[in-house]
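Student: Turn this into a structure:
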Amino acid sequence: MTSPQIKTALEAAILAPSPHNTQPWRFEVAEDTVELFLDESRILAIADPDGREARMSCGAALFNLRMSLRSRGVPVRVELLPDRDRPALLARVRIGGHLAVASDELVLCQAIPRRRTNRGPFREERVPGSVQKTLRQAALRERGRLILLDQPARYSAVATLLRLAEFSQRQDTDFQDELVQWVAGDPARLDGVPPLASGPPPVTEPLVLLREYGSNSQKAPREYEQEPLLGVLVTHGDTSYDHLLAGQAMQRVLLAATVCEVSASFLSAAVELPSSRASLRSLLGDGAYPQVVLRFGYGYQAPGTRRRPVDEVSTCPQNQT
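Tutor: Residues are numbered from 1 along each chain as shown. Below you'll find the predicted structure:
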């Protein structure tokens with residue numbers, strides 16, 4: 001059995017977001033070590049063939065694990081990609097000792113179960129500059145960078161790119177066939193995205209198109225915000241190591257947004273299509289690699305998606321008590 005602190009940390013880790021809620025992580029637990037593995041069987045063959053997004057999701061799970069332990073006064077030492085002969089081993093977390101709990105980390109940890117991907121409409125309310133600064137700083141704390149699109153010309157160009165990418169995926173039968181496999185129509189299913197997690201149909205087509213998970217026709221049409229705050233999380237490199245950094249930065253940003261009562265959702269098409277991602281990188285103009293595109297705003301309460309239990313995604317030695 002795992003210690004109560006480690007089990008609690010794993011329960012926090014599995015609340016990380018993942019594409020189509022695939023939950024592509026696996027943990028091996030020893031007395032003072034947690035190893036995080038990429039579950040390659042859960043990589044999306046069409047949307048994420050190289051596993052970039054899956055590795056980022058594992059990075060987000062790693063961040064939650066870290067925050068859960070540190071908020072309980074348990075220090076951690078993290079090695080990313082510790083064994084070149086086992087590329088699926090993404091991180092080794094060594095646990096031990098005591099530390100003073102930082103108030104900001106405690107607040108982030110408390111936000112983990114409240115974080116939601118909000119695919120519904122946002123209110124026409126601008127995210128203030130002070131909150132934008134908090135989100136940018138959150139990314140920097142994890143060696144990422146969040147570019148918030150505040151220049152009209154660049155905003156318009158990126159919004160157009162996002163629309164074209166989403167439209168392209170909607171016309172891609174292979175992508176749509178894969179997506180259907182992850183629409184969780186069965187309420188007992190523990191992965192995938194239930195149709196109710198999609199937003200209501202728009203009264204008029206919004207500037208930014210959102211991914212649809214099944215039919216949302218049972219919901220009354222609603223107006224979506226005209227110009228949501230758009231952010232692109234970028235890294236200097238584009239290796240597996242950078243993807244893990246990006247995932248941790250992404251999760252700190254999402255939790256910081258949750259603390260500030262700001263909703264967020266993913267606009268993934270532009271970074272899933274190679275041509276769109278290359279165009280987005282060119283539009284950003286500084287050579288950095290776009291890893292995540294996020295939509296921020298003030299929304300209404302969003303439903304959560306289910307998770308597989310800790311016992312299903314983790315193992316520990318038989319002789320451990």
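
Student: could you pull out the helices for the stretch 201-321 of the chain?
Tutor: Here the stretch 201-321 of the chain has its helices, by DSSP state H, counting those that start in this stretch, at 240-259, 269-272, 274-284, 310-313.

Student: Now mean pLDDT too, for those helices, in a markdown table please.
Tutor: Output for the helices of the stretch 201-321 of the chain, formatted as a markdown table (pLDDT from 0 to 100):
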| stretch | mean pLDDT |
| --- | --- |
| helix 240-259 | 98 |
| helix 269-272 | 98 |
| helix 274-284 | 97 |
| helix 310-313 | 97 |
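
Student: will you turn those into TSV that also has mean neighbour count and distance to A197?
Tutor: Where you see a C-beta, it was placed from the backbone N, CA and C, and this is true even at glycine. As requested, the helices of the stretch 201-321 of the chain are exported to TSV (neighbours: other C-beta atoms under 10 Å; distance: least, C-beta to C-beta, whole Å):
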stretch	mean neighbour count	distance to A197
helix 240-259	24	16
helix 269-272	24	17
helix 274-284	16	24
helix 310-313	15	21
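
Student: mind giving me a markdown table with those and columns for distance to D174?
Tutor: A markdown table is the format used below for those (distance: least, C-beta to C-beta, whole Å):
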| stretch | distance to D174 |
| --- | --- |
| helix 240-259 | 23 |
| helix 269-272 | 12 |
| helix 274-284 | 15 |
| helix 310-313 | 28 |
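
Student: These: which one's closest to V183?
Tutor: Among the helices of the stretch 201-321 of the chain, the nearest to V183 by C-beta to C-beta is helix 269-272 (16.8 Å).

Student: if we can go back for a sec, can you say which of the helices of the stretch 201-321 of the chain is nearest to Q23?
Tutor: Between Q23 and the helices of the stretch 201-321 of the chain, the tightest spacing by C-beta to C-beta is seen for helix 310-313, at 7.1 Å.

Student: Give the other helices and strands that the closest one contacts.
Tutor: Applying 3 or more C-beta pairs under 8 Å, 6 or more residues apart in numbering; DSSP states H and E, we find helix 310-313 packed against helix 4-13, strand 25-29.

Student: May I see those organised as TSV, with mean neighbour count added?
Tutor: Listed next are the helices and strands packed on helix 310-313 as TSV, based on neighbours: other C-beta atoms under 10 Å:
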stretch	mean neighbour count
helix 4-13	20
strand 25-29	22
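
Student: do you know which of the helices of the stretch 201-321 of the chain lies nearest E11?
Tutor: Checking those against E11 by C-beta to C-beta gives helix 310-313 as the closest, at 5.7 Å.

Student: before we move on, the earlier item: would TSV of the helices and strands packed on helix 310-313 with distance to Y289 be doable?
Tutor: Conversion of those to TSV gives the following (distance: least, C-beta to C-beta, whole Å):
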stretch	distance to Y289
helix 4-13	25
strand 25-29	22
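
Student: for those, which one sits closest to A302?
Tutor: Nearest to A302 among those is helix 4-13; the distance by C-beta to C-beta comes to 19.0 Å.

Student: what sits against the nearest residue to I112 once chain neighbours are set aside?
Tutor: Once flanking residues are discounted, I112 sits nearest to A12: 5.0 Å by C-beta to C-beta, 6 or more residues apart in numbering. Counting by C-beta atoms under 8 Å, 6 or more residues apart in numbering, A12 touches 64-65, 67-68, 109, 112-113.

Student: Compute the distance between A12 and V78, please.
Tutor: Distance, A12 to V78, using C-beta to C-beta, to the nearest Å: 15 Å.

Student: what do you get for S268?
Tutor: Separation of S268 from V78 (C-beta to C-beta) stands at 26 Å.

Student: Also L36?
Tutor: Distance, L36 to V78, by C-beta to C-beta: 9 Å.

Student: Among the two, which residue is more densely surrounded?
Tutor: The neighbour count for L36 versus V78, taken as other C-beta atoms under 10 Å, is higher for L36 (24 against 17).
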